[in-house]
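Engineer: Here's a sequence, model it:
(4 chains)
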There are 2 protein chains.
Amino acid sequence: MAGRGQRNENAPGSARDRVLDAYETLLIEQGPGGATLDAVAASAEVSKGGLLYHFNSKESLVAGLLERLRDRSARDAALMRADPAGAVAYYLRTSVPGGGSPVGLTRTYLATLRIADGSGPGEAARETLATVDADGLAALREEITDPVLAWLVQLVGDGLYLRTLTGAPLTGGVSPDELHDALRTILADRS
Amino acid sequence: MAGRGQRNENAPGSARDRVLDAYETLLIEQGPGGATLDAVAASAEVSKGGLLYHFNSKESLVAGLLERLRDRSARDAALMRADPAGAVAYYLRTSVPGGGSPVGLTRTYLATLRIADGSGPGEAARETLATVDADGLAALREEITDPVLAWLVQLVGDGLYLRTLTGAPLTGGVSPDELHDALRTILADRS
DNA sequence: ATGTTTATACCGTCCAGACGGTACAGTCGC
DNA sequence: GCGACTGTACCGTCTGGACGGTATAAACAT
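Structural biologist: Next up is the predicted model:
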């Protein structure tokens, strides 16, 4: 049905890439329980055999997701450092669903969070998440000298992530923009 | 073997209560995938039949957890308002694993987060989580007049929660105490 | 007081279905 | 011909849940 036999098998739009996209979507919207191999294959419009051609086990699918997370994290960190409005502005802006990162880090991060459970493959997910966090904090530190303040900014971003996860980002009628402004003022005051 | 036929079936130490405890522990440590009825029963030292006597389906187990969450949230909010060091201090203190809330809110919250997926029972979990958040924010607002600042404090707490979930609470060598102090100074400055 | 009934609090077994994974024959485009 | 698939047919394991049974305590009737 779709174009077959093409090279460059992990380019955007390729079957492999669509599988990863579908896996992310299912993880975010339905959690680990809904992300079965059958469901992922159906959502990616790929046959189950086709899915298992690219990822020969569920563990390998998870590995693929983690690889994508590392990759996107590196690319996001680069964009963060290069942002004209500054790293902090970039970080806060992309921590909220509407203005998700251009490389899709937010989606991949949220999906990975869902499989970061106890032992086995979840262990690896937690470790990767920790590296991503460490990278983000390092980038923040280049702009915010005070380590406590840098951590505070990151925690606010994390809180925003968690809110996205529970599906209620705007709790008290306060917009992320106002929060952003307040944080910037605080940062300016105690430079 | 144990005393049978006794009243007061949801007192602490009762089989019903132990089942809920075990369910929480398994959700936190292994995620939804590990929290099977068999595993919960085994961990609570109850037979599977016994578990299904108290909670006649998995959905009912979830409902039991949500009920406990609402209950503990209410009790925690009361303690928060009554804390001699203030609501903010209480909130920050209990957002970190070491100083978990005396009513066990942190554990129940973290466990519920794990089942807050897409549709079905997860929907109810998300709604309950949202109410708990709203209650917490309301309590914070009684002490912090500025709604933006109140939300900021809550988000920092949420970030700490998320860190607990991924299992890496102390990222950059900064202790929660230092964070606590910084936040208090900020709050004092812009009162 | 004694026997009967009822409710509570479990235990242990069984089963249908779902899930991850395998195997393999065939198709399509470069 | 080779890489990238599709599609179908399976298999073993695990899971949720149904079911029937058992022990104890309390309420009731006589």
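
Engineer: Buried ones in the one helix or strand residue A:140 maps to, by neighbour count?
Structural biologist: Secondary-structure assignment from DSSP states H and E places residue A:140 in helix A:121-141. Neighbour-count burial for helix A:121-141, counted by 16 or more other C-beta atoms under 10 Å in any protein chain shown, picks out A:121-122, A:124-126, A:128-130, A:132-133, A:135-137, A:139-141. All C-beta spots, glycine's among them, are computed from the backbone N, C-alpha and C.

Engineer: Close to chain B as well: tell me which of those qualify.
Structural biologist: By C-beta under 8 Å from any C-beta of the partner chain, the members of the buried residues of helix A:121-141 lying near chain B are A:122, A:126, A:129-130, A:133, A:137, A:141.

Engineer: Now do the buried residues in stretch A:52-69.
Structural biologist: A:52, A:54-55, A:58, A:61-66, A:68-69.

Engineer: chain center to that stretch: distance?
Structural biologist: 16 Å (C-alpha atoms, centre = their mean, to the nearest Å).

Engineer: is that stretch anywhere near DNA strand C?
Structural biologist: Yes. For stretch A:52-69, a contact with DNA strand C is found by C-beta under 7 Å from any atom of the strand, at A:52, A:56-59.

Engineer: any idea how far residue B:174 is from residue A:149?
Structural biologist: Distance, residue A:149 to residue B:174, using C-beta to C-beta, to the nearest Å: 10 Å.

Engineer: Compare neighbour counts for the two and give me the winner.
Structural biologist: Just comparing residue A:149 and residue B:174: by other C-beta atoms under 10 Å in any protein chain shown the higher neighbour count belongs to residue A:149, 22 against 18.

Engineer: tell me which element the more buried one is part of?
Structural biologist: Using DSSP H and E, the element containing residue A:149 is helix A:147-166.

Engineer: quick one, that helix and helix A:121-141 angle?
Structural biologist: If you take axes from the mean of the first three to the mean of the last three C-alpha atoms, to 10 degrees, helix A:147-166 sits at 130 degrees to helix A:121-141.

Engineer: Might one say that residue A:164 is in contact with residue A:94?
Structural biologist: No. If you go by C-beta atoms under 8 Å, residue A:164 and residue A:94 don't touch, sitting 11.4 Å apart.

Engineer: what is in contact with those two at once?
Structural biologist: Residues touching both residue A:164 and residue A:94 (C-beta atoms under 8 Å, 6 or more residues apart in numbering or on different chains) are residue A:106.

Engineer: Go ahead and list the helix or strand containing residue A:119.
Structural biologist: Counting by DSSP H and E, residue A:119 is part of no helix or strand.

Engineer: For residue A:69, what are phi and psi?
Structural biologist: phi -60, psi -50 (degrees, to the nearest 10).

Engineer: tell me the contacts of the residue nearest to the spatial centre of chain A?
Structural biologist: Nearest to the mean C-alpha position of chain A, by C-alpha atoms, centre = their mean, lies residue A:109 at 2.4 Å. Contact analysis of residue A:109 by C-beta under 8 Å, 6+ apart lists A:69, A:129, A:132, A:161.
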